[in-house]
Structures are given as structure tokens and as C-alpha cells.
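Student: pasting the structure only:
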């Protein structure tokens with residue numbers, strides 16, 4: 001029998017999750033049955049969407065149940081297999097949860113090639129953030145060469161890839177991030193044309209200075225005042241891609257909606273939400289393109305790796321909401 005430490009949802013949080021949100025348990029896993037595999041988890045993906053999964057509301061996925069293992073996408077190694085499609089030693093990705101070991105029936109489990117990229121990159125640029133950036137920008141945003149793209153949370157897992165793909169496709173890219181250090185990283189390391197520090201600059205004024213003809217695509221990861229600033233500076237035919245609203249994820253009451261939404265009418269613009277799972281049958285296409293860009297240096301993958309056990313999950317997750325991470329946040333076990 002295999003023993004595993006796991007993080008379970010103890011109670012639904014109001015506001016920012018805290019130590020009372022989680023239970024750390026030790027479980028003994030049963031013996032494998034035919035069609036199952038046992039994996040050892042090495043890397044756990046931490047994503048802003050996790051906060052939404054804790055709320056008992058209707059969404060694109062059912063909420064994590066109280067008492068259940070916290071949902072997460074992981075990179076793991078198969079250490080025992082009674083499944084015909086997986087062998088001992090295979091590196092795989094799957095929704096195994098915040099746990100050291102897990103049993104799976106193979107549904108949703110994918111083999112990953114660690115010769116192409118290390119495990120954390122398969123949770124970042126080659127994982128859900130990369131897929132979200134790729135399809136959000138190119139399919140929902142319908143990017144054209146020569147356009148001006150603005151992306152919020154630009155130093156995060158999704159935003160940093162959005163900006164680099166936009167540059168690869170011939171766009172002018174403006175990133176919005178928190179702090180001078182992150183803004184320098186965007187322009188000096190990732191090739192953004194400009195960056196706005198929302199903590200120290202007037203976002204609305206800077207957008208008008210940097211994009212005097214208006215914005216063609218605004219890729220929104222935060223919502224709130226920054227979304228309003230983008231709405232105030234649209235170009236005719238602009239597209240707003242609604243990916244997330246991290247600024248409001250821990251609010252205890254709903255915020256008012258965008259106050260400048262009539263800009264959509266004035267500029268004949270659109271604002272479209274999407275969920276990356278809608279493109280699951282095309283992930284291979286995105287992985288091929290992003291792998292090529294990683295290999296030739298067009299795109300750089302940034303991972304913020306925190307070492308530790310599953311007991312550190314809750315504290316590490318909250319880095320996403322304090323702005324404490326740069327790039328893809330990963331817990332390494």
C-alpha cells in the first residue's frame with residue numbers, strides 16, 4: 001500500500017483562503033485494479049482559477065466539494081501500471097490533485113516529453129496557460145499583424161505568453177503589471193514594446209500616450225479599473241478577450257460592472273469570454289507552435305517554482321493574489 005499526504009477543502013473561504021480553508025491528511029491508497037495507474041506527483045500547477053473552484057456556484061466546472069482533495073493539474077511519473085496505455089516510468093500530466101501520489105483510470109492523462117521541455121514548462125507555456133494564451137489571442141481575439149495589443153497581468157503565466165505570441169505575430173504589445181521590476185522584465189527580457197506599472201502609474205493616461213490610435217485587442221486577466229481604462233481607449237473594431245478577473249476573485253461582494261461599457265457600442269467593439277477547454281481537441285496545434293517558438297528563442301517560458309511539500313499549498317497559492325509570483329507558479333514536491 002502507498003501512503004500519501006493530501007490537501008483537502010475543509011471549508012469554503014470568504015475572501016482570501018487561509019489556514020482554516022484546508023485540511024492536510026494522510027491517506028493509504030488501495031491496490032491497483034485493472035485499467036488503473038499509480039503516479040508520483042512532482043509538480044503542482046497553481047492558478048488563479050483555483051479560487052473560483054472553491055465557490056459553490058455554477059461555473060464551467062463543478063466546485064471542489066468540501067472534504068475533497070483540492071483539484072490541480074500536475075506533472076507526475078507512473079510508478080505502477082495496470083493500464084495498457086501507460087508504462088512505469090512514463091512522464092504524464094493530469095488532474096491528480098494536491099497530493100503526493102494518486103491513482104487514475106487514465107482519463108484526461110497525457111504523456112509529456114521531458115526532452116522537449118522540463119516538467120514546470122508543461123504546466124506553463126506548454127500547459128493550460130499557454131493554451132489559454134494561444135487560443136484566446138488568436139481564435140477569440142483574431143489577432144492581425146500590425147495591431148496594438150494590451151494585456152493585463154502581463155507578468156503572469158498567461159499574460160507573459162500572450163504578449164510574446166503577439167510579438168511573434170507582428171503586433172505592438174503593451175503589458176500592464178505590478179511593480180517596476182516586473183515591467184522591466186516584460187520589456188528587457190520578453191520583448192514587449194512597453195509596460196505600464198499599475199501600482200505607480202495612471203493606467204488610463206499611459207494607455208492614451210502609448211496607444212494614441214487606440215487598442216485593437218485588450219486581453220483581460222484582471223477586470224476592475226484596468227478593464228475600464230482599456231474600454232476608454234478602444235479603436236474601432238476592437239476585441240476584448242475576457243480570460244479572468246483576478247482583481248475580484250477574493251471579493252466578498254460582487255463589484256459593479258464596467259462603467260465604460262458603452263465604448264463597445266461607440267467603437268463597434270466586442271467583448272468575448274472563453275474557456276480554454278473548448279479548444280481541447282486542438283491543443284496539439286498550439287503545443288507544436290509554442291514548442292517551436294521555445295526552441296528558437298522566440299518565446300521564453302518563465303516559471304516561479306516554490307520548493308516544498310503539499311503542506312505549503314495554501315500559502316503558495318496566495319502568492320497569486322498578492323502579486324508575489326512572476327510567470328507560472330508551480331509547487332515542486
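Tutor: Arrived safely. Computed from a predicted structure; not experimentally measured. Residues are numbered from 1 along each chain as shown.

Student: can you give me the strands for the stretch 51-200 of the chain?
Tutor: With strands called from DSSP state E, counting those that start in this stretch, the stretch 51-200 of the chain shows them at 74-81, 91-94, 101-104, 110-111, 148-151, 172-177, 194-197.

Student: now, of those strands, which is deepest in the fold?
Tutor: Most buried of the strands of the stretch 51-200 of the chain by mean neighbour count (mean count of other Cβ atoms under 10 Å) is strand 148-151; its value is a mean of 29. Every residue, glycine included, has its C-beta placed from N, CA and C.

Student: who's in contact with that strand?
Tutor: The contact list for strand 148-151, computed with Cβ atoms under 8 Å, 6 or more residues apart in numbering, reads 137, 141, 143, 159, 162-163, 166, 171-176, 207, 211, 213-219, 221, 230, 235.

Student: drop anything exposed from those residues.
Tutor: By neighbour count, with 16 or more other Cβ atoms under 10 Å, those hold 137, 141, 143, 159, 162-163, 166, 171-176, 207, 211, 214-219, 221, 230, 235 as buried.

Student: give the contact list for residue 96.
Tutor: By Cβ under 8 Å, 6+ apart, the residues touching residue 96 are 39, 41, 72, 74, 76, 102, 104.

Student: format these as a markdown table; extra columns: pLDDT.
Tutor: Shown next, in a markdown table, are those (pLDDT from 0 to 100):
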| residue | pLDDT |
| --- | --- |
| 39 | 98 |
| 41 | 98 |
| 72 | 98 |
| 74 | 98 |
| 76 | 98 |
| 102 | 98 |
| 104 | 98 |
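
Student: quick one: which of those is nearest residue 303?
Tutor: If you rank the contacts of residue 96 by distance to residue 303 using Cβ to Cβ, residue 74 comes first, at 14.3 Å.

Student: is the closest one in a bridge, and if so with what?
Tutor: When bridges are called by DSSP bridges, residue 74 pairs up with residue 44, residue 94.

Student: hmm, who's touching stretch 77-84?
Tutor: 32-40, 42, 86-92, 101, 105-106.

Student: filter those down to the buried ones.
Tutor: Among those, those buried by neighbour count (16+ other Cβ under 10 Å) are 32, 36-40, 42, 86, 90-92, 101, 106.

Student: residues contacting the residue lying closest to residue 269 once chain neighbours are set aside?
Tutor: Excluding the flanking residues, the one nearest residue 269 by Cβ to Cβ, 6 or more residues apart in numbering is residue 238, at 4.1 Å. Neighbour list for residue 238: 214-218, 267, 269-270 [criterion: Cβ under 8 Å, 6+ apart].

Student: make a markdown table out of those and add pLDDT.
Tutor: Compiled in a markdown table, these are given as follows (pLDDT from 0 to 100):
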| residue | pLDDT |
| --- | --- |
| 214 | 98 |
| 215 | 98 |
| 216 | 98 |
| 217 | 98 |
| 218 | 98 |
| 267 | 97 |
| 269 | 98 |
| 270 | 98 |
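
Student: ok now the longest helix along the chain, how far from the chain's centre?
Tutor: For the chain, the longest helix by residue count, based on DSSP state H, is helix 283-296. For helix 283-296, the distance from its own C-alpha centre to the chain's C-alpha centre is 17 Å (Cα atoms, centre = their mean, to the nearest Å).

Student: right, and the strands of the stretch 51-200 of the chain - which one's nearest residue 16?
Tutor: Smallest distance to residue 16 across the strands of the stretch 51-200 of the chain (Cβ to Cβ): 20.7 Å, for strand 172-177.

Student: what's in contact with the closest one?
Tutor: In contact with strand 172-177 (Cβ under 8 Å, 6+ apart) are residues 146-155, 159, 163, 166-167, 183, 186-187, 191-198, 203, 207, 210-211, 222, 226.
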